[in-house]
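> Attaching a predicted model along with its sequence, questions to come.
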Amino acid sequence: IATFVTMGWLIATRAARGAHRTDDRPQDVVAAAIVDDGRVLLAQRAHPAELAGKWELPGGRVESGETHATALTREIREELGAEIEVAGRIGAEVTHPNGLMLYAYRARLRSGTPAALEHLDMQWFSADELRRLDLDDVVPADRDWIPELCAVLDDA
Ligand code: CDP
């Protein structure tokens, strides 16, 4: 009987997972390094409490059926009210402790003026300003991207 109960439980939990996930790959999060006039746009998270006030590359979760580029374009439209053109990857992918996989992409503004619609604040950073930024003030998952961001700005 215990075997049947266990099998039933396994089938039920797999079915429950399948209801909102179609596969077992980690969920992807995409973030935009929007570069303009030699500076990159960082936004200050409003939530959750432990990340509130920390700087991040704006972005969010890729929803089913979206490519990384369409997800990132949608997230930036929702969060900053601006249209972007997504270019190549920047830095390495980062595995978030909660299992998410984060990918940063270089982007440029197509239209609109970014505004902190869902963030506490936003700011354009030069390479020198990025180098002076205290890493404690950056969302942990995004810290590894800072050196590569500086290199991109140095070349911009
Ligand atoms: O709004 P949505 O759930 O799509 O995205 P989010 O809350 O902005 O990000 C989803 C997860 O990715 C959260 O755990 C964020 O902390 C993380 N994230 C990150 O670490 N660095 C970023 N640049 C963007 C998101």
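Sure thing, it's come through.

> Show me which residues of this protein sit near the ligand.
Contact residues (Cβ under 6 Å from any ligand atom) of the chain with the ligand: 29, 31, 51, 56-57, 59-61, 96, 100, 102, 139, 141-142. (C-beta placed from N, C-alpha, C; glycine too.)

> so where's the chain uncertain?
Low-confidence segments of the chain, defined by pLDDT under 70: 1-25.

> all helices of it, in order?
2-20, 68-80, 127-132, 146-155 (DSSP state H).

> Grab the most central residue of the protein for me.
Centrality entry for the chain: nearest residue to the mean C-alpha point is Ala31, 3.2 Å, by Cα atoms, centre = their mean.

> Quick check, that residue in contact with Pro58.
Yes - in this structure Ala31 lies within contact range of Pro58 using Cβ atoms under 8 Å: 6.7 Å.

> Measure how buried Thr70 is and give me the count.
Per other Cβ atoms under 10 Å, the neighbour tally for Thr70 reads 14.

> ok, it to the ligand distance?
14 Å (Cβ to the nearest ligand atom, to the nearest Å).

> list the contacts for Glu66?
Counting by Cβ atoms under 8 Å, 6 or more residues apart in numbering, Glu66 touches Arg74.

> What are the phi and psi values at it?
For Glu66, the backbone dihedrals (degrees, to the nearest 10) come out as phi -90, psi 150.

> Quick check: it vs the ligand, distance?
Computed as Cβ to the nearest ligand atom, the Glu66 to the ligand distance reads 11 Å.

> Adjacent strands (with direction) for the biggest strand by length in the chain?
Using DSSP state E, we find that the single longest strand of the chain is strand 83-95. Strand 83-95 has its sheet partners listed here by DSSP bridges as strand 101-111 (antiparallel).

> Can you list the neighbours in contact with the strand it pairs with?
Defining contact as Cβ under 8 Å, 6+ apart, one finds that strand 101-111 is touched by 26-36, 57, 68-69, 72, 76, 82-91, 93-96, 141-142, 145, 152.

> quick check, distance from that strand to the centre of its chain.
Centre-to-centre, strand 101-111 and its host chain are 9 Å apart (Cα atoms, centre = their mean, to the nearest Å).

> cool, stretch 69-87 as well?
Centroid displacement of stretch 69-87 relative to its chain, using Cα atoms, centre = their mean, is 11 Å.

> What lies in contact with that stretch?
Contacts to stretch 69-87, defined as Cβ under 8 Å, 6+ apart, come from residues 28, 30-32, 34, 41, 43, 58-63, 66, 68, 105-119, 122.

> Thank you kindly, that will do.
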